[in-house]
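Peer 1: Here is my input, please return the structure:
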Amino acid sequence: MKAAVFRNLAVAWRPAGSSPLLSQKNQGLSFSLLPSAVQRRGFASAGGKYDVVVVGGGPGGYVAAIKAAQLGLKTACVEKRGTLGGTCLNVGCIPSKAVLNISNKYVDARDHFERLGIKIDGLSIDIDKMQKQKQKVVSTLTQGIEHLFRRNGVDYYVGEGKLTDSNSVEVTPNGKSEKQRLDAGHIILATGSEASPLPGNVVPIDEKVIISSTGALALDKVPKRMAVIGGGVIGLELGSVWRNLGAEVTVVEFLDRLLPPVDGEVAKAFQKEMEKTGIKFQLGTKVVGADVRESSATLHVEPAKGGNPFEMEADVVLVAVGRRPYTKNLGLEELGIETDRVGRVVVDDRFCVPNYPNIRAIGDLIRGPMLAHKAEEEGIACVEMIAGVGEGHVNYETIPSVIYTHPEIAGVGKTEEE
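Peer 2: The predicted structure is shown next:
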């Protein structure tokens, strides 16, 4: 758990040297490169001129901003959330691992301690304390990034950033109408992604009964019945949390298997292990609608390949059918910046947007797996190309991935099927 929680800060303290995902000429982040003038700049309150402006303060964005400052580039980062770290640190990988860890400890105490001679009478879970512990972990890390920004001299603007031309970003500070203009030699777009709705939005997310992953991490009690729409990583990790804590969990998946990116044999064995914990699966099943009440919902489902429809009852429905790039109000349409059929920004092998060589995009905004460490490596590679100190190559064939369920699944490279 400790390694998982602190992974995102670990990259900021990584000593100069080759990265496993980068060419040997590329370097990680190092405090040895700090010019004294950069250290003194601190956070910014007014617009200005920069060598690099990063829009988005998630793993890709904050790592890119720190690296740029360390290479002597005057750098600003624009983030509208109000806390740095993006989805990963605030409402994604870090809080999910925090509550997974707590739920696993609860299972150990409930199911395994007695055979070791440890008896616990009246065992229960305090969801309020669990949520406070989760938030403590999140706050520690997000504040740590602010410290790294200050120490490296990255100017931090809290607000929404929008491209106005190829060399400027307009910042609308949160809660204010007055806008600020940041002029930049280079712009890096790193605005990440958001939870995808079901196709046709047939089950609209309200974050009360129909929830996204964000809502699943903020529940104030254990639901009696939880339906998870989507048999991918997010749905299985969060479904495992609430199953561990006592919820009846049913996973509904359109495909006839779980975890499409995972090797088929591994996925089948994994499903059997999940079933042993009490999680139920409805594979090859399509959700076509829902009747939502104040504290429960009836899902209307049918076999994906045709057949008799049926209904499922749930107190909470988690929609976990993937994520999509977040480009709202970014100014892409106004500049004619191309996106593909799923909304990803089209870039070349140097992360540059066609027709705008000084605008780059990284992370969940572009092709490739939506993983925090992939975004981090792209951020470093991108900045090194801007500074002219590295080739900026990212080896997409060696990006590891982990599913933090019990048992865990880890992989790197191609599957046997691929």
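
Peer 1: And G72, how far from L84?
Peer 2: In this view, G72 and L84 are 22 Å apart by C-beta to C-beta, to the nearest Å. Every C-beta, even on glycine, is put in place using the N, C-alpha and C of the backbone.

Peer 1: neighbour count winner among the two?
Peer 2: L84 (27 against 15; other C-beta atoms under 10 Å).

Peer 1: For that one, list the residues it contacts.
Peer 2: In this structure, L84 makes contact with 57, 62, 77, 142, 145-146, 149, 156, judged by C-beta atoms under 8 Å, 6 or more residues apart in numbering.

Peer 1: Could you give the backbone dihedrals for it?
Peer 2: Backbone dihedrals for L84, given as degrees, to the nearest 10, come out at phi -80, psi 170.

Peer 1: pLDDT score for it?
Peer 2: Among the per-residue scores, L84 holds a pLDDT of 98.

Peer 1: just L34 next, same as before
Peer 2: Per-residue confidence at L34 stands at 33 (pLDDT).

Peer 1: and if you look at S23?
Peer 2: At S23 the predicted local distance difference test score is 34.

Peer 1: same check, this time on A69
Peer 2: At A69, the model reports a pLDDT of 98.

Peer 1: what's the first-to-last distance across stretch 323-337?
Peer 2: The stretch stretch 323-337 measures 21 Å between its terminal residues, going by C-alpha to C-alpha, to the nearest Å.

Peer 1: sorry, back to before: from the contacts of L84, pick the one nearest D315.
Peer 2: Compare each of those with D315 using C-beta to C-beta and the shortest gap goes to T142, at 31.1 Å.

Peer 1: Give the lowest-confidence helix or strand of the chain, using mean pLDDT as the measure.
Peer 2: Taking mean pLDDT, DSSP states H and E as the measure, the helix or strand of the chain with the lowest value is helix 36-39, at a mean of 32.

Peer 1: Just the CA coordinates for stretch 232-239, please, in CSV.
Peer 2: Backbone C-alpha positions of stretch 232-239 (Å, rounded to 0.1, in the frame of the first residue of the first chain) are rendered in CSV as follows:
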residue,chain,number,x,y,z
GLY,A,232,-13.0,-3.5,-16.4
VAL,A,233,-10.3,-2.5,-13.9
ILE,A,234,-12.2,0.4,-12.3
GLY,A,235,-15.4,-1.6,-11.8
LEU,A,236,-13.7,-4.6,-10.4
GLU,A,237,-11.4,-2.7,-8.0
LEU,A,238,-14.3,-0.6,-6.6
GLY,A,239,-16.7,-3.5,-6.6
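
Peer 1: Residues contacting that stretch, please?
Peer 2: Residues outside stretch 232-239 that contact it (C-beta under 8 Å, 6+ apart): 96, 100, 213, 216-217, 226, 228-229, 249, 251, 258-260, 274, 279, 318, 320-323, 403-405.

Peer 1: Please narrow those to those residing in strands.
Peer 2: When DSSP state E is applied, those are split such that 226, 228-229, 249, 251, 318, 323, 403 fall in strands.

Peer 1: Max pairwise distance over the residues you listed: which two?
Peer 2: By the measure C-beta to C-beta, the ones in strands among the contacts of stretch 232-239 have their two most distant members at V249 and R323, which lie 21.0 Å apart.

Peer 1: for the stretch 1-150 of the chain, what spans make up the helices?
Peer 2: Counting by DSSP state H, counting those that start in this stretch, the stretch 1-150 of the chain has these helices, from start to end: 2-5, 7-10, 36-39, 59-70, 86-91, 93-107, 127-152.

Peer 1: Name the stretch among the ones you listed that sits most buried.
Peer 2: Stretch with highest mean neighbour count among the helices of the stretch 1-150 of the chain: helix 59-70 (a mean of 31; mean count of other C-beta atoms under 10 Å).

Peer 1: can you pull the pLDDT of the residue of the chain most remote from its centre?
Peer 2: Distance from the C-alpha centroid of the chain peaks at G117, with 40.3 Å (C-alpha atoms, centre = their mean). For G117, the model assigns a pLDDT of 97.

Peer 1: Then I399?
Peer 2: Predicted confidence (pLDDT) at I399: the value is 96.

Peer 1: Residue ranges in this protein under the pLDDT threshold?
Peer 2: Low-confidence segments of the chain, defined by pLDDT under 70: 1-46.

Peer 1: Kindly report the domain assignment for it.
Peer 2: Recorded structural domains for the chain (assignment: automatic domain parsing) are 2-90+131-195+324-400, 199-321.

Peer 1: now the shortest one: how far from the chain's centre is it?
Peer 2: Relative to the mean C-alpha coordinate of its chain, domain 199-321 is positioned 19 Å out (C-alpha atoms, centre = their mean, to the nearest Å).

Peer 1: Tell me how far the residue minimising distance to the centre of the chain lies from Q133.
Peer 2: Centroid-nearest residue in the chain, with C-alpha atoms, centre = their mean: C88, separated by 3.8 Å. Between C88 and Q133 the distance, using C-beta to C-beta, works out to 18 Å.

Peer 1: what do you get for I118?
Peer 2: Noted for I118: a distance of 22 Å to Q133, by C-beta to C-beta.

Peer 1: number of nearby residues for G47?
Peer 2: For G47, the tally of surrounding residues (other C-beta under 10 Å) stands at 18.

Peer 1: and what of the one 5 residues further on?
Peer 2: Burial of V52, expressed as a neighbour count using other C-beta under 10 Å, amounts to 27.

Peer 1: One more: S124?
Peer 2: Burial of S124 is recorded as 9 neighbouring residues (other C-beta under 10 Å).

Peer 1: Check E408 too.
Peer 2: Applying other C-beta under 10 Å, we find 11 other residues in the vicinity of E408.

Peer 1: just N355 next, same as before
Peer 2: Taking other C-beta under 10 Å as the definition, N355 ends up with a neighbour count of 11.

Peer 1: ok so, going back, of the helices of the stretch 1-150 of the chain, which is nearest E334?
Peer 2: Within the helices of the stretch 1-150 of the chain, the stretch nearest E334 is helix 59-70; the backing value is 21.3 Å (C-beta to C-beta).

Peer 1: quick check: angle from the closest one to helix 127-152?
Peer 2: Using axes from the mean of the first three to the mean of the last three C-alpha atoms, to 10 degrees, the interaxial angle of helix 59-70 with respect to helix 127-152 works out to 30 degrees.
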